[in-house]
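Novice: Return a 3D structure for these sequence lines:
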Amino acid sequence: MVGSKPTITVPSRSNMNKQWTITDIPPQIGKRVLITGANSGIGYHAALTLARKGAQVILACRDEQRGEEALARLNAAIPDARAELAILDLASLESVHQFAQRELTGQRPIHILVNNAGVMAPPKRLETADGFELQFGTNVLGHFALTALLMPALKLAATDSPDRPRIVTIASIAHKRGQINLDDLQSKKTYSPMQSYRQSKLANLMFAFELDRRLRAANSPIMSVAAHPGIANTNLFRGGDRSAISGAARELLSHFIGAVLNTDYAGALPTLYAATSRDVSDGGYYGPQGFLEARGSRIGEASVARQATDASTAGRLWQVCEELTRVGLRP
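Specialist: Model (predicted):
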């Protein structure tokens, strides 16, 4: 478990020899899929694709208007889609609890949970409703609490489907330059937009690995895996509360990304692979196999920075997450 020997994932030759596409996704009829941040970007495209495959998709979104617009687009594209909107603000533990309570009250299974929503590099240090630094509070603590609270629904899914339930956590190639600062997780002493983002994405990946260790130690049928989209032209690169200069620079960057790197659709492929492929392994981490893993439609095992395999730090981070959220995650 926490003391297990760290391993480094390397690209698999078998995965790289065959190009996986959405046509390889098996039918998802009868499955309920919850995707956070599904109103745009890779979350929306993942929801759209899984709905086409017959899954019942729950678009968990913070903004009701944007969520309604996304649901309308999805229903227009797939008239017989089984899709619904759920309001969930990961920057509020109260919202996470309320959402989870509604889900569990219905006693409905969740076959696939995609922890996708994220905040990227606001120029000023902002806080969640609970006083956490916004990126760590949303990207890490919000998803930690959500996963913990929805564990009964994931366990229920294991009893009504031959396929194992999956928890897919979206990380980033930015994790490679991240470091976990246990003495200043909330960036109170010093705040750097990208440094805090990298830390949150490293924490996401370490969470996926630590959850995998704990699930396997408990002989749980639930799988924990991770994926990253490369560098995709999503809303993380646009909009938000930013200065005119910062906004213009980010808009220019988004045009460059749109022309040279991954589209939202291509960025969603690793998520879909992690969520549905029969070749996925417990504790696996998947991403595009193009230049520097930044783009490409060929999906395979992603490279992992050594610090992400530090099981001791992962165990300490897990404990801190339980303390800060006041939610115990028991596989």
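
Novice: all strands of the stretch 51-200 of the chain, in order?
Specialist: 56-61, 82-87, 112-115, 166-170 (DSSP state E, counting those that start in this stretch).

Novice: Serialize these to CSV and add fields for mean neighbour count.
Specialist: For glycine as for every other residue, the C-beta is placed from the backbone atoms N, C-alpha and C. What follows is the strands of the stretch 51-200 of the chain, written out as CSV (neighbours: other Cβ atoms under 10 Å):
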stretch, mean neighbour count
strand 56-61, 26
strand 82-87, 16
strand 112-115, 28
strand 166-170, 27
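
Novice: out of those strands, nearest to H143?
Specialist: Proximity of the strands of the stretch 51-200 of the chain to H143 was assessed by Cβ to Cβ; the nearest stretch is strand 112-115, lying at 4.2 Å.

Novice: what does that closest one contact?
Specialist: The contact list for strand 112-115, computed with Cβ atoms under 8 Å, 6 or more residues apart in numbering, reads 31-36, 43, 46, 50, 55, 143, 146-147, 150, 154, 165-170, 204, 271, 275-276.

Novice: how does it look with 6 Å?
Specialist: 33-36, 143, 166-169, 275 (Cβ atoms under 6 Å, 6 or more residues apart in numbering).

Novice: Run through the stretch 1-150 of the chain and note the low-pLDDT ranges.
Specialist: In the prediction, the stretch 1-150 of the chain carries residues with pLDDT under 70 at positions 1-18.

Novice: Helices of the stretch 201-331 of the chain, start to end?
Specialist: With DSSP state H, counting those that start in this stretch as the criterion, the stretch 201-331 of the chain has helices at 244-260, 264-276, 311-325.

Novice: Could you pull up the mean pLDDT of the first one?
Specialist: Average pLDDT, helix 244-260: 49.

Novice: shouldn't N39 be in contact with R62?
Specialist: No: under the criterion of Cβ atoms under 6 Å, N39 is not in contact with R62, lying 8.2 Å apart.

Novice: rewinding a little: would CSV of the strands of the stretch 51-200 of the chain with distance to G328 be doable?
Specialist: Written out in CSV, the entries for the strands of the stretch 51-200 of the chain read as follows (distance: least, Cβ to Cβ, whole Å):
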stretch, distance to G328
strand 56-61, 22
strand 82-87, 23
strand 112-115, 17
strand 166-170, 16
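
Novice: of all the ones you listed, which lies closest to E133?
Specialist: Each of these was scored for nearness to E133 using Cβ to Cβ, and the closest is strand 112-115 (18.1 Å).

Novice: returning to that earlier point: among the strands of the stretch 51-200 of the chain, which is nearest D212?
Specialist: Among the strands of the stretch 51-200 of the chain, strand 166-170 comes nearest to D212, with 9.0 Å by Cβ to Cβ.

Novice: Residues touching that closest one, excluding its own?
Specialist: With Cβ under 6 Å, 6+ apart as the criterion, strand 166-170 contacts 112-116, 204, 208, 223-227, 274-275.

Novice: give me that answer again for 8 Å
Specialist: For strand 166-170, the external contacting residues (Cβ under 8 Å, 6+ apart) are 42, 111-116, 118, 143, 147, 154, 204-205, 207-208, 211, 222-229, 271, 274-275, 280.

Novice: ok, that strand: who's next to it in the sheet?
Specialist: Within its sheet, and counting by DSSP bridges, strand 166-170 is paired with strand 112-115 (parallel), strand 223-227 (parallel).

Novice: Just send the ones you listed back as JSON lines, with distance to M194 too.
Specialist: Formatted as JSON lines, the entries for the strands paired with strand 166-170 read as follows, by distance: least, Cβ to Cβ, whole Å:
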{"stretch": "strand 112-115", "distance to M194": "21"}
{"stretch": "strand 223-227", "distance to M194": "20"}
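
Novice: For W20, find the nearest of the ones you listed.
Specialist: Among those, if distance is taken as Cβ to Cβ, the winner is strand 223-227, at 12.3 Å.

Novice: where are the low-confidence patches of the stretch 151-300 of the chain?
Specialist: Along the stretch 151-300 of the chain, segments meeting pLDDT under 70 span 232-262.

Novice: related to what we said a few turns ago, between the strands of the stretch 51-200 of the chain, which one is nearest to P123?
Specialist: Put simply, out of the strands of the stretch 51-200 of the chain the one that sits nearest P123 is strand 166-170, at 22.7 Å, with distance taken as Cβ to Cβ.

Novice: Give me the angle between the closest one and helix 264-276.
Specialist: Note on geometry: by axes from the mean of the first three to the mean of the last three Cα atoms, to 10 degrees, strand 166-170 and helix 264-276 are set 150 degrees apart in direction.

Novice: distance between strand 166-170 and the chain's centre?
Specialist: Average the C-alpha atoms of strand 166-170, do the same for its chain, and the two points are 6 Å apart (Cα atoms, centre = their mean, to the nearest Å).
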